[in-house]
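>>> From the sequence below, what's the structure:
(one chain, ligands or ions: 1)
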Amino acid sequence: MVVHTDVNLLSVLDYAVNNLKVNHVIVCGHYGCGGIKAAMTNHDFRYVLNMWLRNIKDVYRLHREELSAISDEELRADRLAELNVKEQVMHLSKTSIIQRAWKNERRPQLHGWVYGLKDGLINPVFEMDAGNHIDPLYEYDDL
Ligand SMILES: [Zn+2]
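Sure thing, here's the model as predicted:
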């Protein structure tokens, strides 16, 4: 998850991009994810877990129409895993850390992958790089 208030994530991202000068940032989810399945229920998982699962519920809401049309629960969860990874990559692109690096150094490339625990295969579902435009609402114009 790429949560914009997660200082742990942002500090690691900042260090990787600005000190280690990484060329790639990967968000990797996995099929058959218990966290995704939990977010699709209405069960009370209490305090911190509810707070974290809320982020996935928000992704579900954005794609409710597509997801609701998938009757098989496993397949619906796997599709949500893909859509969630895409959303988290877009969250990365909304940070000033990524936007500044894109502007000044045309890197890093952002990747959204979903890993298959059953077959060991990685499914690349989404990519973004310095050439991509993002929603202007989130674009910093004075970096
Ligand atoms: Zn999982």
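>>> contacts and neighbour counts: CA atoms only from here.
Will do.
>>> Now the nearest residue to residue 138 once chain neighbours are set aside: phi and psi?
Among residues not flanking residue 138 along the chain, residue 94 sits closest, at 5.6 Å (CA to CA, 6 or more residues apart in numbering). Taking degrees, to the nearest 10, you get phi -80, psi -10 for the backbone angles of residue 94.
>>> residue contacts, residue 94?
134, 138-139 (CA atoms under 8 Å, 6 or more residues apart in numbering).
>>> now, which of the residues you listed lie within helices?
Among these, no residue falls in helices (DSSP state H).
>>> so where's this structure shaky on pLDDT?
Scanning the chain for pLDDT under 70 picks out nothing.
>>> Would you map the helices across this structure?
Under DSSP H, the chain gives helices at 7-18, 34-39, 47-62, 64-68, 73-93, 96-105.
>>> Residues in contact with stretch 6-16: which ones?
Identification of contacts with stretch 6-16 by CA under 8 Å, 6+ apart yields 2-4, 22, 97.
>>> How about the residue nearest the centre of the chain, nearest residue that isn't a chain neighbour?
By CA atoms, centre = their mean, the chain has its centre lying nearest to residue 88, at 1.6 Å. Sequence neighbours aside, residue 2 is the residue nearest to residue 88 in space, at 5.2 Å (criterion: CA to CA, 6+ apart).
>>> That neighbour contacts residue 86, correct?
No - in this structure residue 2 lies outside contact range of residue 86 using CA atoms under 8 Å: 10.6 Å.
>>> re the thing from before, how many neighbours does the residue nearest to residue 88 have?
17 (other CA atoms under 10 Å).
>>> which residues touch stretch 29-36?
With CA under 8 Å, 6+ apart as the contact definition, stretch 29-36 has outside contacts at 53, 56, 74, 77-78, 80-82, 85, 112-117.
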